[in-house]
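Q: Mind folding the following:
(one chain, ligands or ions: 2)
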Amino acid sequence: MQRSDILSWLKETDETRLETLWAQADATRKAHVGDEVHLRGLIEIGNYCVRQCAYCGINACSQGITRYRMRPEEILECARTAHRLGYGSVVMQSGEDPGFKPETIADLVREIKTTTPLAVTLSLGEREDEELRLWKAAGADRYLLRFETSDPVLYDRIHPALPGTLSDRMAQLERMRDMGYEIGTGVMVGIPGQTWDILAQDIDTFRHYDMDMLGIGPFLPSPRTPLGGEAADTFRAAPGDQVPNDELTTLKAVALARLVCPQANIPSTTALATLDPQTGRELGLNRGANVVMPNVTPPEYRVLYEIYPGKACVHETAQVCHGCMEARIRSIGRVMGKGPGGRRAAQA
Ligand code: 5AD
Ligand code: FES
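A: Ligands and ions are numbered 1, 2, ... in the order given. Got it, this is the predicted structure:
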């Protein structure tokens, strides 16, 4: 698929034509990754962050939020919960937080890997190679780092102050792949300043790097952030060029991601479920996605991990989300994934 095809699908409004896109994405998903939906237990291990990403509710400048850092024993208990619930992997996610010592993370990874069969995914932001190698040696399997946008100008506008350019994230992804990680990335749909061309380029970039995992969700404005307030207007592209942060566009991006990376693991994201609590998860799974990431963070912490307001599952427990996900997966005739659910081709 050429970039121009991606662009025309993104702009397509004819419902009958779009049915073809949905059908192609679903058939590609079925042919390459099957009917299993893999469950990743998401552990939001802390919300301290040194970055100032203009979209993110837990960025360093966000006022009025209580910061937390889970204790290692609490994190291990979440991993055990995920294992008990039958999940094949856990994702440890936090803001960029030097307060978590690299050795602490390494010890956690080692403990989970030696006491459970779980695959371990890290999502801890931009990191030094030394740390990434330490964690890999401890047994970490995968790393998630969304590049957020492939446009260098937009990237710099929404990631101010600290050094950290687009090339850094892409370069880190490549270095992590060389270290032996499965690598995941992704973007938000409808960030102020994101044009149709940029989003098409983002999806083309997924293809170019043959990503193992791709997370795509709508941008949801957080009033605590520059992009959630009135200043957002100054970021927005011209009306015809600006990508809307709606469900339909997100679903098109998910479907196209499946077509350009047929073997990738693609979650139906919490952000999509937040936008459409009734059917968002199912629509994602029916239009390309094959993964869900049920939250296993203890309730007292998950309310504090507010990267955007109204986040789905904030008031639920691990058990409730588990039951909810299972029911949703069954309702669309899919099956719960077994085992760690790594990328298939990478194992071949
Ligand atoms: N709306 C939607 N997604 C967001 N993220 C951060 N802030 C927001 C927001 N306001 C996404 C980013 C990040 C991931 C963990 O959450 O893409 O990589
Ligand atoms: Fe958490 Fe549905 S997955 S309530």
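Q: from memory Glu306 sits against Gly57, does it?
A: Yes. Using CB atoms under 8 Å, Glu306 is in contact with Gly57, at 4.9 Å. Bear in mind the C-beta positions are built from the backbone N, C-alpha and C, glycine included.
Q: and the residue of the stretch 51-200 of the chain at minimum distance from ligand 2, what is it in contact with?
A: Going by CB to the nearest ligand atom, ligand 2 is nearest to Leu85 of the stretch 51-200 of the chain, at 11.8 Å. Leu85 makes contacts with 39, 41, 294, 296, 318-319, 322, as judged by CB atoms under 8 Å, 6 or more residues apart in numbering.
Q: so where's the stretch 1-150 of the chain uncertain?
A: In the prediction, the stretch 1-150 of the chain carries no residues with pLDDT under 70.
Q: Excluding chain neighbours, give the residue nearest to Ala271 in space.
A: Spatial nearest neighbour of Ala271, excluding adjacent residues (CB to CB, 6 or more residues apart in numbering): Gly217 at 3.0 Å.
Q: right, is the strand or helix carrying that neighbour up against ligand 1?
A: Element membership of Gly217 [criterion: DSSP states H and E] is strand 213-218. Yes. Contact of strand 213-218 with ligand 1 (CB under 6 Å from any ligand atom) involves Gly217.
Q: Just grab the bridge partners of the most centrally placed residue in the chain for me.
A: What sits nearest the mean C-alpha location of the chain, by CA atoms, centre = their mean, is Gly215, with 3.7 Å. Per DSSP bridges, the residues bridged to Gly215 are Gly186.
Q: and Leu122, what helix or strand is that in?
A: Using DSSP H and E, Leu122 falls in strand 119-123.
Q: Could you list the buried residues of that strand?
A: 119-123 (16 or more other CB atoms under 10 Å).
Q: Check stretch 78-94 too.
A: So stretch 78-94, judged by 16+ other CB under 10 Å, has buried residues 78-83, 85, 87-94.
Q: just stretch 144-155 next, same as before
A: For stretch 144-155, using 16+ other CB under 10 Å, the buried residues are 144-151, 154-155.
Q: near ligand 1, from those residues?
A: 146, 148.
Q: Out of the buried residues of stretch 144-155, which sit inside helices?
A: Under the assignment DSSP state H, the buried residues of stretch 144-155 contribute 154-155 to helices.
Q: Which of the buried residues of stretch 144-155 fall in strands?
A: If you go by DSSP state E, the buried residues of stretch 144-155 have Leu144 in strands.
Q: Dump the buried residues of stretch 144-155 into JSON lines; add distance to Trp135 as well.
A: Output for the buried residues of stretch 144-155, formatted as JSON lines (distance: CB to CB, whole Å):
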{"residue": "Leu144", "distance to Trp135": "13"}
{"residue": "Leu145", "distance to Trp135": "13"}
{"residue": "Arg146", "distance to Trp135": "18"}
{"residue": "Phe147", "distance to Trp135": "20"}
{"residue": "Glu148", "distance to Trp135": "22"}
{"residue": "Thr149", "distance to Trp135": "26"}
{"residue": "Ser150", "distance to Trp135": "26"}
{"residue": "Asp151", "distance to Trp135": "30"}
{"residue": "Leu154", "distance to Trp135": "30"}
{"residue": "Tyr155", "distance to Trp135": "25"}
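Q: Which member of the buried residues of stretch 144-155 is positioned nearest Arg236?
A: Leu154 (11.3 Å; CB to CB).
Q: residues in contact with the residue lying closest to Tyr181 once chain neighbours are set aside?
A: The shortest distance from Tyr181 to any non-neighbouring residue, by CB to CB, 6+ apart, is to Tyr143 (4.6 Å). When contacts are counted by CB under 8 Å, 6+ apart, Tyr143 touches 121-123, 132, 176, 181-184.
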